[in-house]
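Peer 1: no sequence for this one, just the structure:
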């Protein structure tokens, strides 16, 4: 998403311009194409409009299941899991992301596997399981490198690894 300005070094959440995201949400209106639905979910999530985001995420999964490819469905499920994470449903998000990561890796879809693992790492990070978060971030980094990811994506993953290591070190020291 081009709306991401960076990532918070403590929470690992996206830093966005809320007004820019609201404006884009208005532009999308009630479009029902799969890409528009997915973008709406993401925008609603980063704007902390989580009830709306969950409702649209569920609709997006249904649309992807009926009219999209297997990759589309996996992307929609990962997005749905990120909304669950933001709502604090860590166990449900972890389960969904684990299945998505396994399916992507089983199909040799490195970029999609990296995407699912990066988000699974963020769920573990939010839940305070920094060792699992670090392991997922490292695996995501490997897959992103394999898939030829952008420098920005690689940098975000490296920052997440550093954050998990810092948190893990702080929790061990206490």
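Peer 2: Cool, got the structure. The structure displayed is predicted, hence computed values, not measured ones.
Peer 1: C-alpha from now on. contacts and neighbour counts both.
Peer 2: Noted.
Peer 1: strands of the chain, residue ranges please.
Peer 2: Using DSSP state E, the strands of the chain run over residues 4-7, 14-16.
Peer 1: walk me through which strands the shortest one pairs with, and which way each runs.
Peer 2: Same thing as strand 14-16. Applying DSSP bridges to the sheet, strand 14-16 is found paired with strand 4-7 (antiparallel).
Peer 1: who's in contact with the strand it pairs with?
Peer 2: With contacts defined as Cα atoms under 8 Å, 6 or more residues apart in numbering, strand 4-7 is touched by 13-17, 156.
Peer 1: what's the pLDDT at the residue lying closest to residue 145 once chain neighbours are set aside?
Peer 2: Excluding the flanking residues, the one nearest residue 145 by Cα to Cα, 6 or more residues apart in numbering is residue 154, at 7.4 Å. According to the per-residue confidence, residue 154 scores 95 in pLDDT.
Peer 1: equivalent analysis for residue 170, please.
Peer 2: For residue 170, the pLDDT comes out at 78.
Peer 1: center of this protein, which residue is that?
Peer 2: In the chain, the centroid-proximal residue (Cα atoms, centre = their mean) is residue 119; its distance is 4.2 Å.
Peer 1: before we move on, back to that, PyMOL command to pick out the buried ones of the contacts of strand 4-7?
Peer 2: Buried residues within the contacts of strand 4-7, by 16 or more other Cα atoms under 10 Å, are selected in PyMOL with:
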select buried, resi 16+156
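Peer 1: name the nearest of the contacts of strand 4-7 relative to residue 102.
Peer 2: Of all those, residue 156 has the smallest distance to residue 102: 21.9 Å, by Cα to Cα.
Peer 1: would you quantify the distance from residue 28 to residue 34?
Peer 2: 12 Å (Cα to Cα, to the nearest Å).
Peer 1: and for residue 4?
Peer 2: Residue 4 is 20 Å from residue 34, where distance means Cα to Cα.
Peer 1: which of those two has more residues huddled nearby?
Peer 2: residue 34 (20 against 13; other Cα atoms under 10 Å).
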